[in-house]
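A.B. asks: Okay, predicted coordinates and the sequence, questions at the end:
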Amino acid sequence: MNWQNILSIAKYMKSAGTFNWRPVRGAKRLSAHSYGIAIDIAVQISDYWLWEFKGKKETDKIGYKNRIPMGIVEIFEKYGFVWGGRWYHFDTMHFEYRPEIINYFKK
């Protein structure tokens, strides 16, 4: 990767947080952030289904939106992270270190 490529993705690499002991929004279980295995990046240019579709419930049909470059996603996934942008209820800023899930699906 050359310096121009690095500089072009720099705006996406600002961490919005990692460890945060809290439940998943609207749930009674702890967030992956509570275990220190999740990171959120580039909140200002990320997309989250509850922000995009205010008032919708998890059972409602929703669209999809993403502004995180796939090159960044591919790097995280290469090293064992699951990307929240692949979820139906998308959270494009969210990456979780879950190598056991990645390895399971590589079989």
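C.D. replies: The structure has been received and is ready for your questions.

A.B. asks: all contacts plus neighbour counts: C-alpha atoms, from now on.
C.D. replies: OK.

A.B. asks: quick one, what contacts K65?
C.D. replies: Contacts were defined as Cα atoms under 8 Å, 6 or more residues apart in numbering; by that measure K65 touches 47, 90.

A.B. asks: now K54
C.D. replies: By Cα under 8 Å, 6+ apart, K54 has no neighbours at all.

A.B. asks: Just give me the residue closest to the centre of the chain.
C.D. replies: Centroid-nearest residue in the chain: H94, 1.9 Å away (criterion: Cα atoms, centre = their mean).

A.B. asks: That one and F76, how far apart?
C.D. replies: Separation of H94 from F76 (Cα to Cα, to the nearest Å) stands at 11 Å.

A.B. asks: Mutual contacts of the two, please.
C.D. replies: Here H94 and F76 have W83 as joint contacts, going by Cα under 8 Å, 6+ apart.

A.B. asks: Report the distance from the one helix or strand Y104 maps to to the chain centre.
C.D. replies: Element membership of Y104 [criterion: DSSP states H and E] is helix 99-106. Averaged C-alpha coordinates place helix 99-106 at 17 Å from its chain's average position (Cα atoms, centre = their mean, to the nearest Å).

A.B. asks: Which strands and helices lie in contact with that helix?
C.D. replies: When contacts are defined as 3 or more Cα pairs under 8 Å, 6 or more residues apart in numbering; DSSP states H and E, helix 99-106 packs onto strand 81-83.

A.B. asks: again, 10 Å this time
C.D. replies: Counting contacts by 3 or more Cα pairs under 10 Å, 6 or more residues apart in numbering; DSSP states H and E, helix 99-106 packs against helix 70-78, strand 81-83.
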